[in-house]
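*Asks:* Give me a model of this one.
(chains A and B)
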2 protein chains.
Amino acid sequence: MSENMDRGSSQPAEAHMSTQSRSNPSDIPHMSDGQVWDQAFRNHSIHTWLMEMVLSLQQTVADHITQLATRHQQQDLVPEEQRHNQPIWGQEALLGRLMFQMVNYLQFGATGGQKFQPPCHSEDSKGDVRSREQAQVSKQIYKIFYQLTNFEDTSINYVLSNRGIETSALYHASFQDYNTYQGNKYHEDKNTLGFINLGTSENKLCTDLLTERLSRSDMNYIDDDLLQYSDWRGQPFLREEVAQFLTYYCKAPAPLDPENVVVLNGCSSVFSALAMVLCDPGEAFLVPTPTYSGFVFSTHLYAKVDLVPVNLESQVSDANTHPFQLTVDKLEQALFNAKLEGKKVRGLVLINPQNPLGHIYSQDSLMEYLEFAKKYSLHVIIDEIYMLSVFDESVTFRSVLSMESLPDPNKTHMIWGTSKDFGISGFRFGTLYTHNKEVALAMSSFGYLHGISGITQYKLHRLLQDREWIDNVYLPTNRSRLQEAHKFITNELKSSKIPFLSHGSGLYIWINLRKYLDPCTFEEELLLHRRFLDKKLILSCGKTFMCKEPGWFRLVFAATPLLLKHAMQRFYTVLVEQEQDWVVKQLEDAINQEVEDLSASDASQSYSREVILTSGLEGCCSDLGL
Amino acid sequence: MSENMDRGSSQPAEAHMSTQSRSNPSDIPHMSDGQVWDQAFRNHSIHTWLMEMVLSLQQTVADHITQLATRHQQQDLVPEEQRHNQPIWGQEALLGRLMFQMVNYLQFGATGGQKFQPPCHSEDSKGDVRSREQAQVSKQIYKIFYQLTNFEDTSINYVLSNRGIETSALYHASFQDYNTYQGNKYHEDKNTLGFINLGTSENKLCTDLLTERLSRSDMNYIDDDLLQYSDWRGQPFLREEVAQFLTYYCKAPAPLDPENVVVLNGCSSVFSALAMVLCDPGEAFLVPTPTYSGFVFSTHLYAKVDLVPVNLESQVSDANTHPFQLTVDKLEQALFNAKLEGKKVRGLVLINPQNPLGHIYSQDSLMEYLEFAKKYSLHVIIDEIYMLSVFDESVTFRSVLSMESLPDPNKTHMIWGTSKDFGISGFRFGTLYTHNKEVALAMSSFGYLHGISGITQYKLHRLLQDREWIDNVYLPTNRSRLQEAHKFITNELKSSKIPFLSHGSGLYIWINLRKYLDPCTFEEELLLHRRFLDKKLILSCGKTFMCKEPGWFRLVFAATPLLLKHAMQRFYTVLVEQEQDWVVKQLEDAINQEVEDLSASDASQSYSREVILTSGLEGCCSDLGL
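*Replies:* Okay, here's the model as predicted:
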């Protein structure tokens, strides 16, 4: 959508992302009323979504009016050129979409506003009625919108199913930044004004090595079997190779069995299929948060499985020996709370090395979590997609597949892929290793709709097979480049006194920008996120990781030095502007206060906010491993 | 599974597919009681499924006992060798699976036995309870089974969700032949005793051309964008190319818009996603039958959309000017019947050129179907995946995209892919072209879980771009090889007096083997199908295409002459055996009759069945374009 708009717009990205309408909170409806805000804090998730949509809607309307104004000038174009008018159509569609999204979310909020739950088509009959009512109202709004804009054919309003509307809204809300980036990527020669994406976790440090390896002649083999339909679990030669690869790199005590390997097009597909196979609709997984945001979409689209957060805290205390520590007590508490709410929890989802925290679970901790799961008959899904991205040599990672004796091997399922560790997310490869043959068999049903092309499977097999290249070329180079990029970013953050968490693994750093938020709310977090976007910098805000504390951002550092340097320039520009705006606002408030209260007696209230920030918040974050 | 079993079994494929236990109907429970059979005819779909499962169960038990008998001999193997014992485990799992499948199907049959509807997890509350009860019983049976076989850990019974069990059962029932083939493929040098698959629609005639073209240096380009995440609708360069390709080959009156193109990993994924986007659970599509069997799995796995058959008949009559003719009357009748049953029909699914019939819809007919759809506000999904596989030059195919004026462009959606027309099903590429931007936008949500690797997208783009090669090399060669293979098969069929339908397009012939069935039922069709399997020949029986007349089979002829020759040898062997068995059975019956009825007076009843067959049934099929 964004690509479409950018291409057709006379002021493409600047207009779309201008700071004018987004950086000033006074532009936003509902924000002036203290009581509404109080309620919003209690129910912040809904309001955050809403605000995001209002901001988008506002800008889209502005863009649309600009487009319409120039429409007449283009009407004498030849047909081929008129096709470039499509963006106007696209904007109209987007306006309609945004409006029915808002109605959906508003209605959802009115019914209770569960946190972290995007509106969904409930499976129970009660939810079903509600969801249909919502969709009816959405369609009405949608119809009115099209009538208002004199849209040529109002019957278009009824083309999508209810779940089609919901899925589309959820997708476009979840992937808005990503799609914006895809339409206008930064390039150091060709497009220096494009978006720099430090939001999506990709390793771009070794594309030279991968390009070279993948270009060698052994990769270009083709035979009939690769061109035809294959075993839906994945080509036998690839599953064989994956079993050997994981046996070696996970240090498995015995050779892993290719029959227990299932290969699908990406780890999200594997996760989605596992959710289908292990849970019925409405059942749930426990997920320590903050956690990878892709899980939300993957479990919702098809499986309709809930994610029950195990909320972790940054503050160190007696029960929390390090920030965001996961303990069995917290797991049990979350499980009991979920049961009290009538949820049927079927599994525990762990990411190791953790995303976005970069933690690595010690073997003892991991064993405790596995024992907890066994005690309550839960499956454990362990996503080890960053297992070879441990760049601090003092840190030891232990795969769950390395354990001599698993508490409940039949319910322990490990996911891995090449997207992160080899920086080839475009290959769409994810794999499951499960000790449970029933699960492997059931999972094979999904290859029919989530298969990978034969030639790609062949290349993956050759890549994973080349241990000499992996051990002597790729891994050492990747490690040293990750170290270097990590060092650059952490030095920058240290010199700016920005607290962060990092533990020598993963492609990202978890940074704390709460000192730039006033008040420290998810709404302010979102506004800061929009400010970064206005400067064409994408970071992922903590809210999308289901983090319960506002102010955290994930910054992906696995990029070239030049890109990181440009990114950090944009980053600082935003933070400086944010502070300046704050100072101006404080001064204005103080002047207004003085005018109102002629007997101003306490001048100490107008001191610089910067002093508060650096003296106050830094202290409270000093435990975060600066 | 079959691969697993074959590897470990002492008599792998022969044991698995021995004729002994399958060709004799007297081995099968329930078959001796006339009354049960009468009921079975009325409710044949359930019984056909059941019989399939009983046959599989019987053979699996036999294989398992053989395996167990040799187990002790293997217990002194070193651990590495013991891994080859896995097949025993696999067989135990399969036994359990087959038993709970049977219970599911039996229960399903008892509740009414709707035709063509595999048991599914209903979305309505009533269905929900029934489905849960079924699953409970399944789990009990499963538990008992594992206890009986002293399985080490009975807790394994509870690993899968209800839908996990159902999905797995449906998948393994749907893909049983396919998986058997994948585990033991015929190869003209390496494995002449393997399965010959004329059941799966693949074009294997031009793999030499494709291999050569795909091996050229322009195909091996790699850049960073191909290695990273991309636009989830498909890479822009590929969507651009698809739009141009379809504009040209579909003879579109105006250039097609790349923004209306969505690219996913296969046409089944496209179809599944369309079902999600256009229908809510329990809603339905009209589908003229016989039809492509993959639709059943694609609409069931995620979308839970019903397929309402528009049953077509082979018999020519006043209302049926040619066999299996589709008319608006039949569409309306099926629609009204569906509405009477409370079904909400959202669309009509057409395949053009038709699969399995090979029909091409005339432009007038197509327009009538489109007008019908508009009249009742139905979407039309047209699958044109065989559009370039029209090998009879006297036949004209017109794509729906070529029409100057569509009755309802906003609800007309066309599917195409390279699997059939270019014989590269292993590429996993399918595309949607829709005139409706809302549908295109909603469909883009599915790229996240149904994406294609970047390097494959690049190769596809190069392939589709090379019009010179396509027009001057590929298409003429493919056409002439299809003609030649078609001629070989049709000559064989004609000389064997086997009626068939074929209209110069597609990769298959729809043949009528009802003269080999006595009685002419779906159970006998299935038994004949198993006989082909026993001789390592896979054909698709009409039942899987939702054909309402027993006796039809689809035979895929797009294979090399040598393969076709071997396949036809196996084909004739089966038909001869089938006839011989029938003669023997008739003689036995006649003798028994004579023993019982000492006053046998009418010897004319013992005449040869062969005479009946050739004189009787041939006549009734003579209208089928021999």
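
*Asks:* For the longest helix along chain A, list every residue counted as buried.
*Replies:* Secondary structure of chain A per DSSP state H: the longest helix is helix A:561-596. For helix A:561-596, the neighbour count (16 or more other Cβ atoms under 10 Å in any protein chain shown) marks A:563-564, A:566-568, A:570-571, A:574-575, A:578-579, A:582, A:586 as buried. In short, each C-beta sits where N, CA and C put it, glycine included.

*Asks:* That helix near chain B at all?
*Replies:* No - applying Cβ under 8 Å from any Cβ of the partner chain, one finds helix A:561-596 separated from chain B by no less than 11.6 Å.

*Asks:* roughly how far is that helix from the heart of the chain?
*Replies:* The chain centre lies 26 Å from the centre of helix A:561-596; the measure is Cα atoms, centre = their mean, to the nearest Å.

*Asks:* which element is A:P288 on?
*Replies:* strand A:284-289 (DSSP states H and E).

*Asks:* picking that back up, so which elements touch the longest helix of chain A?
*Replies:* strand A:196-197, helix A:475-495, helix A:522-534, strand A:537-538, helix A:609-612 (3 or more Cβ pairs under 8 Å, 6 or more residues apart in numbering or on different chains; DSSP states H and E).

*Asks:* mind checking which of those is nearest chain B?
*Replies:* strand A:196-197 (9.6 Å; Cβ to the nearest Cβ).

*Asks:* what's in contact with the next helix or strand after that closest one?
*Replies:* Next helix or strand after strand A:196-197 toward the C-terminus (DSSP H and E): helix A:207-215. Helix A:207-215 has contacts (Cβ atoms under 8 Å, 6 or more residues apart in numbering or on different chains) with A:219, A:422-424, A:459, A:463, A:466, A:469, A:473-474, A:477-478, B:220, B:222-224, B:227, B:455.

*Asks:* what about 6 Å?
*Replies:* A:Y474, B:I222, B:D224, B:L227 (Cβ atoms under 6 Å, 6 or more residues apart in numbering or on different chains).

*Asks:* Could you report the neighbour count for the third one?
*Replies:* Applying other Cβ atoms under 10 Å in any protein chain shown, we find 17 residues neighbouring B:D224.

*Asks:* swap in the first one?
*Replies:* Taking other Cβ under 10 Å as the neighbour definition, A:Y474 ends up with a count of 21.

*Asks:* same check, this time on the last one
*Replies:* B:L227 sits with 26 neighbouring residues when counted by other Cβ under 10 Å.

*Asks:* Would you agree it is in contact with A:S425?
*Replies:* No - B:L227 is beyond contact range of A:S425, at 7.5 Å (criterion: Cβ atoms under 6 Å).

*Asks:* and A:F245, what does it touch?
*Replies:* A:L464 are the contacts of A:F245 under Cβ under 6 Å, 6+ apart.

*Asks:* Under the pLDDT cut-off, which ranges of the stretch 501-626 of chain A? List them.
*Replies:* Within the stretch 501-626 of chain A, the segments meeting pLDDT under 70 span A:598-626.

*Asks:* switch the cut-off to 90
*Replies:* Within the stretch 501-626 of chain A, the stretches with pLDDT under 90 are A:502, A:582, A:585-626.

*Asks:* coming back round to it: tilt between the longest helix of chain A and helix A:475-495?
*Replies:* Going by axes from the mean of the first three to the mean of the last three Cα atoms, to 10 degrees, helix A:561-596 is angled at 20 degrees with respect to helix A:475-495.

*Asks:* In chain A, which residue is most central in space?
*Replies:* A:S293 (3.8 Å; Cα atoms, centre = their mean).

*Asks:* mind checking the SS state of the closest residue to A:V261 other than its chain neighbours?
*Replies:* Of all residues not flanking A:V261 in the chain, A:R239 sits nearest, at 4.2 Å (Cβ to Cβ, 6 or more residues apart in numbering or on different chains). For A:R239, the assignment made with DSSP: H, G, I helix; E, B strand; the rest coil gives helix.

*Asks:* And the pLDDT for A:R239?
*Replies:* The model reports A:R239 with a pLDDT of 98.

*Asks:* Can you tell me how far it is from chain B?
*Replies:* 11 Å (Cβ to the nearest Cβ, to the nearest Å).

*Asks:* State which one residue of the stretch 501-626 of chain A is found closest to chain B.
*Replies:* Closest point on the stretch 501-626 of chain A to chain B, by Cβ to the nearest Cβ, is A:T560, at 10.5 Å.

*Asks:* What segments of chain A are strands?
*Replies:* Secondary structure of chain A (DSSP state E): strands at A:196-197, A:261-264, A:284-289, A:306-311, A:345-351, A:379-383, A:412-417, A:430-434, A:500-501, A:508-512, A:537-538, A:540-541, A:552-556.

*Asks:* could I get the ones you listed as JSON lines with distance to B:G347 and mean neighbour count?
*Replies:* Below are these laid out as JSON lines (distance: least, Cβ to Cβ, whole Å; neighbours: other Cβ atoms under 10 Å in any protein chain shown):
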{"stretch": "strand A:196-197", "distance to B:G347": "38", "mean neighbour count": "25"}
{"stretch": "strand A:261-264", "distance to B:G347": "28", "mean neighbour count": "28"}
{"stretch": "strand A:284-289", "distance to B:G347": "34", "mean neighbour count": "24"}
{"stretch": "strand A:306-311", "distance to B:G347": "31", "mean neighbour count": "21"}
{"stretch": "strand A:345-351", "distance to B:G347": "34", "mean neighbour count": "23"}
{"stretch": "strand A:379-383", "distance to B:G347": "36", "mean neighbour count": "25"}
{"stretch": "strand A:412-417", "distance to B:G347": "35", "mean neighbour count": "25"}
{"stretch": "strand A:430-434", "distance to B:G347": "32", "mean neighbour count": "27"}
{"stretch": "strand A:500-501", "distance to B:G347": "51", "mean neighbour count": "22"}
{"stretch": "strand A:508-512", "distance to B:G347": "44", "mean neighbour count": "26"}
{"stretch": "strand A:537-538", "distance to B:G347": "38", "mean neighbour count": "22"}
{"stretch": "strand A:540-541", "distance to B:G347": "38", "mean neighbour count": "24"}
{"stretch": "strand A:552-556", "distance to B:G347": "42", "mean neighbour count": "27"}
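
*Asks:* coming back round to it: average pLDDT for the strand holding A:P288?
*Replies:* The model assigns strand A:284-289 a mean pLDDT of 98.
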